[in-house]
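1. Here is the input, now give the coordinates:
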Amino acid sequence: MSKPDILWTEKEDNLIKELFPHTSTEEVVSCLNTAFGKKRTYNAVKRRAHILKVKRSKEMRKILFRQFMKDHPEVTEKMRQTKIKNFKDPKERKKLSEIVKKMYREKPEVRKKMSEAKKKYYKKHPEALERLSHIRKEFNEKNPGLTKKVWGEYIKIHPEHNEKQSQKLKKFYEVNPGQKEVLSKSRFKYLSSHPEFHEEQSIRKKNYFFWNPDARTEQSKRMKKYFDDHPEQRELVGKQSKELMKKGLLKKMMNASAKTGRYGSKPQKHIKNYLSLFFGEDAVILNDHEVLNGMEIDVFIPSYKIAIEFNGYIHYTNYYKTGSLKKRQKRDKIKKEKLESKGYHFIVVEDIEGKLSLREIEIILDEELKKIIPEYKAPQHKII
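-> Here you go, the predicted model:
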């Protein structure tokens, strides 16, 4: 049987109503005992507050919870372990996600509050954001293309989400018109000082386009439309690439992206893979930009000083109807002259009608390479 509390006075009740919501229970107890000379206990004050229907404020509850977690590290560890256990179990994870989705549907303001709280937390604790980005990076390295694949599948099911995001961006750029230029300039500065980041980016894009092949054509269409609507942005990109070329960084960036195999047409990639069977994979370079100071060589074999160009029907017809055919042919001529002046063997595979098969390309290459290297033998393989 618990002892009945000593009678509470009206003054004591008023003090509890005033102090209890914004201070800890210990402080309320000490105030009561000093003010009225009575020995009130911790539990008695809590019971009295419950009878008076006095509740803690949200801020105070947070403070007390943090303090409790600090004082009891075993509880925090137990909570962490249960979280991990639930997350590993797919059924539990599905249940949790459904509960959260339901809550966000019913109370959209909670989602806003959560995102604001996260932003505030990461501003105060930048080390936590670094830790999170490191974990994500490790996960992406272990599972290349998985996050993009999941995101691609999600967008297919929920295309309205992708539209919402694009609309948000449009609104943001409408409100802040100068922000787009600021972002592009800052990105350009970062890339010029970190060319190795360009390689990482190109690997990510390669993985993304591998899982979403339709995205590449969609992106090129969007880019073309955007540059048609904003010719000043096209000029800006041109200026930035010229600056990079002056610094000698464009070559590094292009070679880094070429190593990933992101760039290059299907015949160019096939030539590279086919010749790698005889010369070795490291001996054959796809899309080299260093030999001719920025001008591209489709396939290059440095050990034998052999440069190979695949000229498709675009090199012989005015495909884009912009009068760029003469420029392209002039560039091809300059490229040939430069390579021959440096003492390189120059092989051109011409596909005037755009109907050459991969086997026909191989036959042309075998004939030309036997003239340069007598010991050359055509690699035996199957075309997939």
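
2. can you count the residues close to Lys137?
-> A count of nearby residues for Lys137, using other C-beta atoms under 10 Å, gives 11. The way it works is simple: take the backbone N, C-alpha and C, and place the C-beta from them, glycine included.

3. what helix or strand does it sit in?
-> Element membership for Lys137, per DSSP states H and E: helix 126-142.

4. What of Glu290?
-> Element membership for Glu290, per DSSP H and E: strand 285-292.

5. That strand pairs with which strands, parallel or anti?
-> Within its sheet, strand 285-292 is paired with strand 295-301 (antiparallel), according to DSSP bridges.

6. Please enumerate residues in contact with the partner strand?
-> The contact list for strand 295-301 (C-beta atoms under 8 Å, 6 or more residues apart in numbering) reads 254, 264, 268, 271-272, 275, 279, 283-289, 291, 306-310, 331, 334-335, 338-339.

7. Pull out the buried residues from the helix holding Lys137.
-> By neighbour count on 16 or more other C-beta atoms under 10 Å, the buried set for helix 126-142 is Asn140.

8. ok, how many other residues are close to the residue nearest to Ala283 when sequence neighbours are not counted?
-> Counting by C-beta to C-beta, 6 or more residues apart in numbering, Ala283 lies nearest to Ser303, which is 5.6 Å off, once chain neighbours are set aside. For Ser303, the neighbour count with other C-beta under 10 Å is 10.

9. How confident is the prediction for Ser303, by pLDDT?
-> Note on Ser303: pLDDT of 89.

10. does it really touch Ile285, like I thought?
-> No. Counting by C-beta atoms under 8 Å, Ser303 sits too far from Ile285 to count as a contact (10.5 Å).

11. sorry, back to before: and the gap between the residue nearest to Ala283 and Tyr190?
-> Distance, Ser303 to Tyr190, using C-beta to C-beta, to the nearest Å: 35 Å.

12. Kindly report the same for Tyr274.
-> Counting by C-beta to C-beta, the gap from Tyr274 to Tyr190 is 37 Å.

13. Which one of these two is surrounded by more residues?
-> Set Tyr274 next to Tyr190 and count neighbours by other C-beta under 10 Å: Tyr274 wins out with 20 against 11.

14. Apart from its neighbours in sequence, what residue is nearest that one?
-> Nearest residue to Tyr274 in three dimensions, chain neighbours excluded: Glu362, at 5.9 Å (C-beta to C-beta, 6+ apart).

15. Convert the strand or helix carrying that neighbour to CSV, retaining C-alpha atoms only.
-> Using DSSP H and E, the secondary-structure element containing Glu362 is helix 358-372. What follows is helix 358-372, C-alpha atoms only, in CSV (Å, rounded to 0.1, in the frame of the first residue of the first chain):
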residue,chain,number,x,y,z
LEU,A,358,30.7,-5.8,-87.9
ARG,A,359,32.3,-8.8,-89.8
GLU,A,360,33.0,-6.6,-92.8
ILE,A,361,34.7,-4.0,-90.6
GLU,A,362,36.9,-6.7,-89.1
ILE,A,363,37.9,-7.9,-92.6
ILE,A,364,39.0,-4.3,-93.6
LEU,A,365,41.0,-4.0,-90.4
ASP,A,366,42.7,-7.3,-90.9
GLU,A,367,43.8,-6.4,-94.4
GLU,A,368,45.2,-3.0,-93.4
LEU,A,369,47.0,-4.3,-90.3
LYS,A,370,48.7,-7.1,-92.2
LYS,A,371,50.3,-4.4,-94.4
ILE,A,372,51.7,-2.6,-91.3
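
16. For that helix, which helices and strands make contact with it?
-> Secondary-structure packing of helix 358-372 (3 or more C-beta pairs under 8 Å, 6 or more residues apart in numbering; DSSP states H and E): helix 266-279, strand 306-311, strand 345-350.

17. and the residue nearest to Ile271 when sequence neighbours are not counted, how many neighbours?
-> In this structure, Ile271 finds its nearest non-sequential neighbour in Val299, 5.0 Å apart by C-beta to C-beta, 6+ apart. By the criterion of other C-beta under 10 Å, Val299 has 27 neighbours.

18. His22 too?
-> Neighbour count for His22, taken as other C-beta under 10 Å: 13.

19. mind checking the SS state of it?
-> Recorded secondary structure, His22: coil (DSSP: H, G, I helix; E, B strand; the rest coil).

20. List the residues that contact Arg331.
-> Neighbouring residues of Arg331 by C-beta under 8 Å, 6+ apart: Met295.

21. Which strand or helix spans it?
-> With DSSP H and E as the test, Arg331 turns up in helix 325-341.

22. and this protein, what are its domains?
-> The chain is divided into the following domains under automatic domain parsing: 10-71, 141-260, 264-372.

23. Indicate which one of those is closest to Lys118.
-> Comparing the domains of the chain against Lys118 with C-beta to C-beta, the closest turns out to be domain 10-71 (15.2 Å).

24. And that closest one, how far out from the chain middle?
-> 49 Å (C-alpha atoms, centre = their mean, to the nearest Å).

25. buried stuff in the host helix or strand of His50?
-> If you go by DSSP H and E, His50 is part of helix 42-51. With burial defined by 16+ other C-beta under 10 Å, the residues of helix 42-51 counted as buried are Ala44, Val45, Arg48, Ala49.
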